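Visitor: Next input, structure requested:
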Amino acid sequence: MKRIVSALLIGIVFGLGITVSGMINPAKVLNFFDLAGNWDPSLAFVMGGGLVTALIGYRLVFGRLKTPVFAPAFPPSPAGGIDARLVGGAAVFGIGWGIAGFCPGGAIPALGLLNAQTFIFVAAVIAGIVAGRAIKSRLPAPAPA
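Guide: Predicted structure coming up:
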């Protein structure tokens, strides 16, 4: 139960940060990618703030704790490092983000605006997850590194 409450609180803080920074507005994100037009650098500042916060948090957590607060152990690092699946997934995510102006983290808080486009985007993300899992289950397992 503590893990669920912790995850909920972290999600609320993240959603509030995304909302306050204006990243629930797809036009703001799309303007970041529009270098030759109405360029808006604010997304870079949001990403930079998140990166600094994460670096400090990781340093504090991994520097002081031997085990997580709500789990018996830290999960192991994924084996294999950077591979074709990781690069392909990142490319699909980036292309979708650049086309729609939404990433899932920004779309979930934006559902509160009751905009039909946001609901369509979230439905498309869910459909993509389902399709991706179906495709992955039919592919051969990757060779161990």
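
Visitor: Next, count neighbours for the spatially closest residue to Pro41 that is not a sequence neighbour.
Guide: Nearest residue to Pro41, sequence neighbours excluded (Cβ to Cβ, 6 or more residues apart in numbering): Phe32, at 7.0 Å. In short, each C-beta sits where N, CA and C put it, glycine included. Phe32 has 20 neighbouring residues, counting by other Cβ atoms under 10 Å.

Visitor: my guess is Phe32 meets Trp39, correct?
Guide: Yes. Shown here, Phe32 and Trp39 form a contact pair, counting by Cβ atoms under 8 Å, at 7.1 Å.

Visitor: Would you mind putting the CA coordinates of the helix or strand where Gly105 lies into CSV?
Guide: Using DSSP states H and E, Gly105 sits within helix 104-110. Provided in CSV are the C-alpha atoms of helix 104-110 (Å, rounded to 0.1, in the frame of the first residue of the first chain):
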residue,chain,number,x,y,z
PRO,A,104,2.4,10.4,-22.3
GLY,A,105,3.7,12.3,-19.2
GLY,A,106,2.2,15.6,-20.5
ALA,A,107,-1.0,14.0,-22.0
ILE,A,108,-2.2,12.5,-18.7
PRO,A,109,-2.5,15.8,-16.8
ALA,A,110,-3.9,17.4,-20.0
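
Visitor: Report the buried residues of that helix.
Guide: In terms of neighbour count (16 or more other Cβ atoms under 10 Å), helix 104-110 has its buried residues at 106-110.

Visitor: now the next helix or strand along the chain from that helix: how far from the chain's centre is it?
Guide: Downstream of helix 104-110, the next assigned helix or strand under DSSP H and E is helix 116-138. Mean C-alpha position of helix 116-138 versus that of the full chain (Cα atoms, centre = their mean, to the nearest Å) differs by 15 Å.

Visitor: rewinding a little: from the rest of the structure, what touches the helix holding Gly105?
Guide: Residues external to helix 104-110 that are found in contact with it (Cβ atoms under 8 Å, 6 or more residues apart in numbering): 14-16, 18-19, 23-26, 29, 102, 118, 121-122, 125.

Visitor: Buried among those? Make that a PyMOL selection.
Guide: PyMOL command restricting the contacts of helix 104-110 to the buried ones, with burial defined by 16+ other Cβ under 10 Å:
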select buried, resi 15+18+19+23+24+25+26+29+102+118+121+122+125
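
Visitor: Having no further points to raise, I will conclude here.
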